[in-house]
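**Q** My questions concern the predicted model and sequence given below.
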Amino acid sequence: MKNIFDQTVVAELEKRINQLQSTTSPIWGKMNVAQMLAHCNVTYELVYEDKHEKPKGFKKWLLKTFVKKIVVSEKPYSKNSRTAPVFIVATDKDFESEKTRLLQYIHKSLELGEIHFEGNESHSFGALNQDEWNNMFYKHLDHHLTQFGV
């Protein structure tokens, strides 16, 4: 898995994101490109913003026990796989603002560096090591950028 905390990898992701146009169509799936960018931003909102309710009780146990392995492993996501309700973007979004937000979040994570994330609590999965944070960040972006052909 590529390391999202590496400047070269971030430059590659930025190049891919900048290839997107507001009219870019997906190869698979239902989201338009602006919705996809907003969807990718949710990953970072869960880290940097306090706008999503934290899971509790049985839901938290399910996420840590079953979903965490899927999200933080190196195994790629399959096409049209299910997503958590918090990640569903069904309304129209502004392409440029979502793109700008995503690039800012990626750069913020790069600046903080992998050591910052080592052992930090994730919103849904408890403490993650830096490799798990990397896999979660990179795999999700790569999956959706591939979905849109970049």
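**A** Yes, it's here.
**Q** and the longest helix anywhere in the chain, what does it pack onto?
**A** Secondary structure assigned by DSSP state H gives helix 95-117 as the longest helix of the chain. Applying 3 or more C-beta pairs under 8 Å, 6 or more residues apart in numbering; DSSP states H and E, one finds that helix 95-117 contacts helix 7-19, helix 33-48, helix 130-147. For the C-beta atoms, the positions are set from N, CA and C on the backbone; glycine is no exception.
**Q** Quick check: next helix or strand after the lowest-mean-pLDDT helix or strand in the chain?
**A** The weakest-scoring helix or strand in the chain, judged by mean pLDDT, DSSP states H and E, is helix 57-62 (a mean of 92). Downstream of helix 57-62, the first helix or strand assigned by DSSP states H and E is helix 68-72.
**Q** residues in contact with that following helix?
**A** Helix 68-72 is touched from outside by 77, 124-126, 128, 132-133, 135-136, 139-140, with contacts defined as C-beta atoms under 8 Å, 6 or more residues apart in numbering.
**Q** Quick one: list the elements packing against the least confident helix or strand of the chain.
**A** By 3+ C-beta pairs under 8 Å, 6+ apart, helix 57-62 packs against no helix or strand.
**Q** where's that helix relative to the chain centroid, distance-wise?
**A** Relative to the centre of its chain, helix 57-62 is centred 21 Å away, using C-alpha atoms, centre = their mean, to the nearest Å.
**Q** contact partners of stretch 83-101?
**A** With C-beta under 8 Å, 6+ apart as the test, stretch 83-101 has contacts from 17, 20, 22, 31, 33-39, 41-44, 46, 52, 67, 124.
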